[in-house]
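J.: Okay, structure incoming, though there's no sequence with it:
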């Protein structure tokens, strides 16, 4: 669910929400109330992301599970945010979420392959299959290096990520 918390008037908040397709909003909210509303949502078990740009948003950015500061915002907002968007484009929030999900998928892939490799390689290196299969130390070191290279190479595929708008 997407909510808008704003210090703007009811009329302005309603017009903006109608234009961008947000159904739920809270208008004329003070900086402290923003943090309180975020805390309330968190107490209901929700994970909350908050986007802000001003000094008034710093408490809410700090309270949120994920604080996203707009790059042109104040230094205090940038320091309070966990993510800083470099452009003044709210589509960057969507792009950041997508990139975060892709990153987590890569981490899971890397953990799976590293675990599988080590579950197969460590017993062989320890001599469990001796005398049928032996592993010379230099071959074991090369194999371990190749495991690390494969994990890093898989991670570097994230550099191909392109923002989708």
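T.: Cool, the structure landed. Every value quoted in this text rests on a predicted model; they were computed, and no experiment measured them.

J.: does the residue lying farthest from the centre of the chain belong to a helix or a strand, and which?
T.: Note on the chain: the largest C-alpha distance from the chain mean falls to residue 131, namely 48.4 Å (C-alpha atoms, centre = their mean). Counting by DSSP states H and E, no helix or strand carries residue 131.

J.: ok, it - contacts?
T.: Under the criterion of C-beta atoms under 8 Å, 6 or more residues apart in numbering, residue 131 has no contact partners. Heads up, the C-betas are built off the backbone N, CA and C, glycines and all.

J.: where does it fall, phi/psi-wise?
T.: When read as degrees, to the nearest 10, the backbone of residue 131 gives phi -90, psi 0.

J.: now residue 9
T.: The phi/psi pair for residue 9 (degrees, to the nearest 10) is phi -70, psi 160.

J.: Residue 29 is in contact with that one, correct?
T.: No: using C-beta atoms under 8 Å, residue 9 makes no contact with residue 29, being 11.1 Å away.

J.: Same drill for these two, tell me which one is more crowded.
T.: Counted by other C-beta atoms under 10 Å, residue 9 and residue 29 do not tie: residue 29 has more neighbours, with 20 against 11.

J.: For residue 68, see how far away the closest residue to that one other than its chain neighbours is.
T.: Closest residue in space to residue 29, ignoring its immediate chain neighbours: residue 5 at 5.0 Å, by C-beta to C-beta, 6 or more residues apart in numbering. Distance, residue 5 to residue 68, using C-beta to C-beta, to the nearest Å: 13 Å.

J.: Name the residues contacting each of these two.
T.: Counting by C-beta under 8 Å, 6+ apart, the contacts common to residue 5 and residue 68 are residue 50.

J.: Buried residues, whichever strand or helix holds residue 138. List them.
T.: Secondary structure from DSSP H and E places residue 138 in helix 137-156. By neighbour count with 16 or more other C-beta atoms under 10 Å, helix 137-156 contains the buried residues 147, 151.
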